[in-house]
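Engineer: Sequence and predicted structure, then a few things I'm wondering about:
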Amino acid sequence: MMDTERGPRERLVLTARAQREIDAAAVEAGVPELDLMESAGRSASDWILDRLRPGRILVLVGAGGNGGDGLVVSRRLEGAGVDVRTVLLTPPDRLSEASSVMLDRLRVAGGRVDLLEELPERDLDIAIDRSDWVVDALFGSGLSRPLTGGAQGLVDRLNHSGARVISLDVPSGLPADSGELIGTAARANITLAMAFLKPSHLLHPASAACGNVAIVSVAYPEDVLSDLDPWGRVPEPAGIAKRLPARPADGHKGTFGRVVIVAGSLEMTGAAILACRGALRAGAGLVFLAAPESLRSTFDVALPEVLFVPLPEAGGHVADIETAELEEVLGRADVLAIGPGMTRAPETSLAIRELVDTFSGPILLDADGIAAFASDLDRLTRLGSRLLLTPHPGELGLLLGRTAEEIDRDRADVVRAFVRERGNVLLLKGRPTVIGAPEGELHLNPTGNTGLATGGSGDVLTGLTAGFVAGGASLEDAAILAAYTHGWAAEVYARERAERSMTPSDLVDLLPSVLREVETWT
């Protein structure tokens, strides 16, 4: 979970190397390393004092810059009247130069400092047990290998203690730049990221070890930050509100867009219904559902607001799209969404491919619409940035000839490579949902919970996204907006009810109040 503010429009995600380069650039620009360290430690200690109001704190300090930040935290908490005990992982003569200075300042201020190798295990256990919080400042974002020796033993002891842990920047033992678990890692309740998020704060399973993630400031000069090339971005509430399509007071149903959804089959009418309801909740002016002709009565009852377009069928699934009625509707459509609940019957897949070739506007492909191109990926490449795909890892793996596990393991890099090579917009569902566009940045969605892990949630997302496109949002903005509000609705549901109990219909019913809340974000 991200601890967010409503002011910024997005949070930047940097690799460990990029943050080191910013540190170096700041020093070159005239900001001493000690000042940067003091700034980071001050921001972290202020956050702890303001939010947690601790009485007793244990600070575990490593040899590098992360340890130096921890020493600043110790001194400043001590100065604020907190009972602080500091434990050094390594002897003082092995600290970095800046950290050594911070250790001297702590001692001058009267701070209590112990060396781990000289501290009896029983005394360490007592110190951990008696602390309100333990600050993990052992290793930061520079770690690239598994913990060993005393560091591994200390982190194991901390994890088994049940103590509440605050990690500075990245929990010790986690690599900053991936979601991998490479060995023993601290399990934090709170992680205070230094100025920027890191990939491990967002990518599973590493993100689970980070707990709640908050960003604390570091006094970097503005000119150093002006040329940042972030690894990714995390949308914030104010940025989500900015992406909402405008609703002019004199608008009418044509102003707010026409959505055509091709979806459903005899076995899966619910997918089509949920997609249409999602589009309506997004504010689309007109929603058309093209589906097997025999299902008209079902959809007329379930979707009185939706205009039905009958399609030829075979065995309850779409068999052809060449009808004059569909052609006429597509001629006035602002966006076409294809795929939910259509089945993978050969004639249906053929009809989907022909339909994609027919329509010249923005297209959203989901579920069986994506599977129809499993052996014809180059056909999608020709559509470029007017195509948005919304697969889960299995569906994207089907396109790329990879397993769902392989896609999930490298989800951010897979999305980045796909949009650069193929030129389409891509929303990869999962934890976290990742959105990429050929000329844009990588966006990682911070909202959602396990309530979304049920059949039909993705169909709601498809309709919601299409509805936003119809209202005037770009495919990229619509994907970011839909993913965020879709996940936010799940979080709103979980405030009073169990995540496990949420259904996609609950999700649809929450969208009006959720979107009203989004409209107030500034």
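Structural biologist: Now that the structure is in, tell me what you want to look at.

Engineer: can we go C-alpha only for contacts and neighbour counts from here?
Structural biologist: Noted.

Engineer: Which strand or helix spans Leu106?
Structural biologist: Using DSSP states H and E, Leu106 falls within helix 97-108.

Engineer: Quick check: can you name the pairing partners of whatever helix or strand comes next after that helix and their directions?
Structural biologist: As assigned by DSSP H and E, the chain's next helix or strand after helix 97-108 is strand 112-115. Each strand paired with strand 112-115, and its direction, by DSSP bridges: strand 83-88 (parallel).

Engineer: can you give me the angle the partner strand makes with helix 97-108?
Structural biologist: 140 degrees (axes from the mean of the first three to the mean of the last three CA atoms, to 10 degrees).

Engineer: ranges for the strands of the stretch 201-350 of the chain?
Structural biologist: Assigned by DSSP state E, counting those that start in this stretch, the stretch 201-350 of the chain shows strands spanning 212-216, 232-235, 258-262, 286-292, 307-311, 313-314, 317-318, 335-338.

Engineer: wait, what's in contact with Arg145?
Structural biologist: By CA atoms under 8 Å, 6 or more residues apart in numbering, the contact set of Arg145 is 173, 175, 182.

Engineer: let me redo that: Ala16
Structural biologist: Contacts of Ala16 (CA under 8 Å, 6+ apart): 141-142, 176-177, 198.

Engineer: Quick check, pLDDT for Gly7.
Structural biologist: Note for Gly7: predicted pLDDT of 41.

Engineer: do Leu228 as well
Structural biologist: 86.

Engineer: Can you list the residue ranges for helices in the stretch 251-400 of the chain?
Structural biologist: Counting by DSSP state H, counting those that start in this stretch, the stretch 251-400 of the chain has helices at residues 269-281, 296-302, 324-330, 346-358, 368-371, 377-381, 393-400.

Engineer: I'd like those helices laid out as TSV, including mean neighbour count and mean pLDDT.
Structural biologist: Below are the helices of the stretch 251-400 of the chain laid out as TSV (neighbours: other CA atoms under 10 Å; pLDDT from 0 to 100):
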stretch	mean neighbour count	mean pLDDT
helix 269-281	26	98
helix 296-302	14	97
helix 324-330	15	96
helix 346-358	18	96
helix 368-371	26	97
helix 377-381	15	92
helix 393-400	20	96
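
Engineer: closest to Val460 out of those helices?
Structural biologist: The minimum distance between Val460 and these falls on helix 269-281, with 4.8 Å, by CA to CA.

Engineer: Can you name the residues in contact with that closest one?
Structural biologist: Identification of contacts with helix 269-281 by CA under 8 Å, 6+ apart yields 259, 261-264, 286-287, 289, 299, 302-303, 306, 340-341, 456, 459-468, 504-505, 508, 511-512.

Engineer: if we go to 7 Å?
Structural biologist: Helix 269-281 has contacts (CA atoms under 7 Å, 6 or more residues apart in numbering) with 263-264, 287, 303, 340-341, 456, 459-464, 466-467, 508, 511-512.

Engineer: do stretch 230-241 as well
Structural biologist: Under the contact criterion CA under 7 Å, 6+ apart, stretch 230-241 has outside partners 6-15, 441-446, 481, 518-519, 521-522.

Engineer: Which ones among the residues you listed lie within helices?
Structural biologist: Cross-referencing the contacts of stretch 230-241 against helices under DSSP state H gives 481, 518-519.

Engineer: Save those residues as TSV, and put in distance to Ala219 and pLDDT too.
Structural biologist: Listed next are the ones in helices among the contacts of stretch 230-241 as TSV, based on distance: CA to CA, whole Å; pLDDT from 0 to 100:
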residue	distance to Ala219	pLDDT
Leu481	31	97
Val518	31	95
Glu519	33	95
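
Engineer: Please produce TSV containing the residues you listed, extended by neighbour count and distance to Ser226.
Structural biologist: Output for the ones in helices among the contacts of stretch 230-241, formatted as TSV (neighbours: other CA atoms under 10 Å; distance: CA to CA, whole Å):
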residue	neighbour count	distance to Ser226
Leu481	26	26
Val518	20	29
Glu519	15	30
